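1. Sequence and predicted model, in that order:
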Amino acid sequence: MKPQLTRGAARRLRQMHDQLLTAYGPQNWWPAKTPFEVIVGAYLTQNTAWRSVERSLAQLHEAEVLGIEGLRAVPLRRLQELIRPTGFASRKAPALKAFLALLDTEFGGSLEAMAATPTEALRLKLLALWGVGPETADAILLYGLGHAIPVADEYLRRIAERHGLLDPAPRRDRLGYAALVELTTNAFGEDPASSRPQQYNEFHALTVAVGKAHCGRVANCTNCPLNYDAHKLP
DNA sequence: CGCCAGGCCGTGT
DNA sequence: ACACGGCATGGC
């Protein structure tokens, strides 16, 4: 049984998107130069501040490892050292190597070939990778490979929960994630299909922007663009 | 010093 | 199914 979405939740979420876009402007995500850099960043940012990710990415770039061939060549030990600022190196380094193994064995080392795979099938392959959960898979699909798929994260969960869009208690497992994805899909359901990749792109970026400023584990609702006085904090 | 960060996995009920 | 602890580092 999925957590129930409250009536009007999708419409409300769409309004939030509009408010955030007005308040913050286009975010132009993902902050990366290449699709492969998006993918590496998606791994590194797991439960980790983006500022730390930037430091690891800089070290990878410096070592000329921030590309498919470089990452393939670098020894696991060395990789762990390079990504140390983002923590969890003993997990994230093998996880990145596992992604490369999938890329090489199933797609001839070509991100373009990987991107050409149908979305649902590719999503399952990514989820089967060790170290890849729903958010990482969807971020790779949307921002790295250009697929039209929503991304949910803890910020969106808190926003939806605190604004009463999820009823009653959200779940922290995959069903909970699926509910957030459904909510996002519904929020943009009235828009033309061709605009959806860009909408999902912008919406997740705006979610993170407002989340960082106002909707962390500790809510900081002062001056939040999402009329903070209209909802009840738990 | 304590809490937090753009998750995910393994284990125990 | 679901909760809960572990994983590591750096910023505030």
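-> Done, it's in.
2. show me where pLDDT drops low in chain A?
-> For chain A, residues meeting the criterion pLDDT under 70 lie at A:1-3, A:168-170, A:228-234.
3. In it, what residue lies closest to DNA strand C?
-> Per CB to the nearest atom of the strand, A:Gly87 is where chain A lies closest to DNA strand C, at 2.2 Å. Backbone N, C-alpha and C define where each C-beta goes, glycine included.
4. Verify the stated contact: that residue with A:Gln46.
-> No. Using CB atoms under 8 Å, A:Gly87 makes no contact with A:Gln46, being 9.1 Å away.
5. And the residue positioned nearest the centre of chain A, which helix or strand is it part of?
-> Centroid-nearest residue in chain A: A:Ala139, 4.0 Å away (criterion: CA atoms, centre = their mean). A:Ala139 is part of helix A:134-139 when elements are defined by DSSP states H and E.
6. Now do the contacts for A:Leu156.
-> A:180, A:184, A:204, A:207, A:211 (CB atoms under 8 Å, 6 or more residues apart in numbering).
7. Just the ones in helices from the residues you listed, please.
-> Among these, the members falling in helices (DSSP state H) are A:180, A:184, A:204, A:207, A:211.
8. In space, what's closest to the last one - neighbours in sequence excluded?
-> If the residues on either side of it in the chain are set aside, A:Gly211 comes closest to A:Tyr155, at 2.8 Å by CB to CB, 6 or more residues apart in numbering.
9. Could you identify the helix or strand that succeeds the helix or strand harbouring A:Ser90?
-> Element membership for A:Ser90 (DSSP H and E) is helix A:89-107. In the C-terminal direction, the helix or strand that comes right after helix A:89-107 (DSSP H and E) is helix A:111-115.
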